[in-house]
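*Asks:* Would you be able to build a 3D model of this:
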Amino acid sequence: MKNQTLLSALYLMGISDLPSLQLLLFLLIFHVYFFTLIINLLIIFLVILDPRLHSPMYFFLGNLACLDMGCSSLTTPRLLFDLSTNSKMISLSACMSQVFFFIFFATCEILLLAVMSYDRYIAICRPLHYIQIMEWKTCVHLATGVWTLAMAYSLIHTVFTQRLTFCNSNIVQSFFCDVSKLLQISCSDTFVNLLSIFILGGLLGLSSLLMTFIPYITVFSTVLKIKVKEKRWKAFSTCSSHLTVVFIFYGALVFNYFRPTTSYYHTADRVVSVFYTLVTPLVNPLVYSLRNQELKAALLRLFKTYDIC
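*Replies:* Alright, predicted model coming up:
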């Protein structure tokens, strides 16, 4: 038991061990991160500055942009540092910080996607009562509830993870501290951790999934009954944008966490981890901005207002 207190730092495997790829990966990831910040910041500024976007849907979209920037900023700067210095050691305290904020951002996004689904349900199925139901006070309460619940959920798992000791190996098969990878190398009893993930994660995940998809049964039924082609297309457009983001996010999580964890999959794990921590925060705003005419119009108005060519 003596060696259980020796490890005070962990080693992140990173994305690739090939020295010839380090510079290429650094440049690629840097540009992805740069455009992620620019596009998400642009959406936030448009939602704040353009009065025509002061509606619940864009309020929640602004929250989603904040989450995407947070998730990307949690892992990417550290990854860029590791690629440029080849220093992959991380202290346990820094690792636990990553664990907390990663679970926090991921949980926030899961809950927020469910709230956005509810917003689309009210807007399409109960349009006459939309203003009364989705008033600003309600929107703020929903957003506050999302962030608070995510913080509590993340804190629980972080406390349980902090109890772990690492004595046999300090090599994390990822480029950031992921709970699943930490459990694999811990020499502590992980029963409590696994039980909390199974019960709390299962309840949160299943309820969020049902709250996200069940409203769309009624939504699509209502949309198909709309006789005006323009209105029907607009409703389908906003719903398809939201569903695209939902499928991308859940697809990456399911692929990474709900399959066998053997050494054969380590490379695939890293690729998928890159996808949902770096690529997804860039894809989300692109999906909404490219498919949303109101955002495009707001962007043109911004360019005209500030005379940007």
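*Asks:* Surely S117 is in contact with I217?
*Replies:* No - using CB atoms under 8 Å, S117 makes no contact with I217, being 11.1 Å away. Just so you know, the C-beta spots here come from the backbone N, C-alpha and C atoms, and that holds for glycine as well.
*Asks:* For L10, grab phi and psi.
*Replies:* In terms of degrees, to the nearest 10, the main-chain angles of L10 are phi -120, psi 160.
*Asks:* Kindly report the same for L12.
*Replies:* Dihedral pair for L12: phi -90, psi 130, per degrees, to the nearest 10.
*Asks:* okay but it is in contact with N86, surely?
*Replies:* No - L12 is beyond contact range of N86, at 11.3 Å (criterion: CB under 8 Å).
*Asks:* Just want to know which of these two has more residues nearby.
*Replies:* Shown here are L12 and N86; by other CB atoms under 10 Å, L12 has more neighbours (23 against 10).
*Asks:* ok so, going back, comparing S117 and I217, which shows the higher neighbour count?
*Replies:* Between S117 and I217, counted using other CB under 10 Å, the more crowded position is S117 (21 against 10).
*Asks:* In which helix or strand does G70 reside?
*Replies:* When elements are assigned from DSSP states H and E, G70 belongs to helix 56-85.
*Asks:* Report the mean confidence score over that helix.
*Replies:* If you average the pLDDT over helix 56-85, you get 92.
*Asks:* Direction included, what does the helix or strand following it pair up with?
*Replies:* Downstream of helix 56-85, the first helix or strand assigned by DSSP H and E is strand 89-91. Applying DSSP bridges, strand 89-91 is found paired with strand 9-12 (antiparallel).
*Asks:* Using PDB, write down the CA coordinates of the strand it pairs with.
*Replies:* The C-alpha coordinates for strand 9-12 follow below in PDB (Å, rounded to 0.1, in the frame of the first residue of the first chain):
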ATOM      1  CA  ALA A   9       0.900  13.800 -11.400                       C
ATOM      2  CA  LEU A  10      -0.500  12.000 -14.400                       C
ATOM      3  CA  TYR A  11       0.800  11.600 -17.900                       C
ATOM      4  CA  LEU A  12      -1.600  12.500 -20.800                       C
END
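*Asks:* next one: that strand to chain centre, how far?
*Replies:* Between the centre of strand 9-12 and the centre of its chain there are 24 Å (CA atoms, centre = their mean, to the nearest Å).
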